[in-house]
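**Q** Sequence isn't available, so here's the structure alone:
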């Protein structure tokens, strides 16, 4: 089972911390890769909520408002399934691009080969002003 390192970059070259996912299958569909990544980053955030959430997608305004109150009550701050659903929609709307090795993944159902532990990069795209 491959060990996968996932990186998020902006078009300006700003990188988020690398996320390691061990023990993934040799092949996985893009949807499951995205959902697994989001589940892991949310789990890490919920363990230590001292820093703002910096995930693949940003929580909704309502969730951010709840998170402020949640920090005081000690309940989980971010729902990974909601975040994963947001990430799927963001991928479909081309808000980020998924690159595995030297190949851009086109659909959520596309099978991704993880043998050889390819570099996996999520490139967050920024909408152009006025467009």
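**A** That came in fine, so what should we check first? All of these numbers come straight from a predicted model, not from anything done at the bench. Residues are numbered from 1 along each chain as shown.
**Q** Please count neighbours and contacts with C-alpha atoms only from this point.
**A** OK.
**Q** pull the helix or strand with minimum mean pLDDT from this protein.
**A** Ranked by mean pLDDT, DSSP states H and E, the helix or strand of the chain with the weakest confidence is helix 61-73, at a mean of 53.
**Q** Which residue ranges of this protein form helices?
**A** Counting by DSSP state H, the chain has these helices, from start to end: 30-47, 61-73, 80-92.
**Q** could you measure the residue nearest to the spatial centre of the chain against residue 98, distance?
**A** With distances taken as Cα atoms, centre = their mean, residue 56 lies nearest the centre of the chain, 3.5 Å away. Distance from residue 56 to residue 98, counting by Cα to Cα, to the nearest Å: 11 Å.
**Q** shared neighbours of those two, anything?
**A** By Cα atoms under 8 Å, 6 or more residues apart in numbering, residue 56 and residue 98 have these common neighbours: residue 122.
**Q** residues near residue 100, how many?
**A** Neighbours of residue 100 under the rule other Cα atoms under 10 Å: 19.
**Q** so who does it touch?
**A** Contacts for residue 100 (Cα under 8 Å, 6+ apart) come out as 112, 118-121.
**Q** and residue 104, what does it touch?
**A** Taking Cα under 8 Å, 6+ apart as the test, what residue 104 contacts is 97-98.
**Q** Show me the beta-bridge partners of it.
**A** residue 99 (DSSP bridges).
**Q** Could you do residue 113 as well?
**A** Beta-bridge partners for residue 113, by DSSP bridges, are residue 27.
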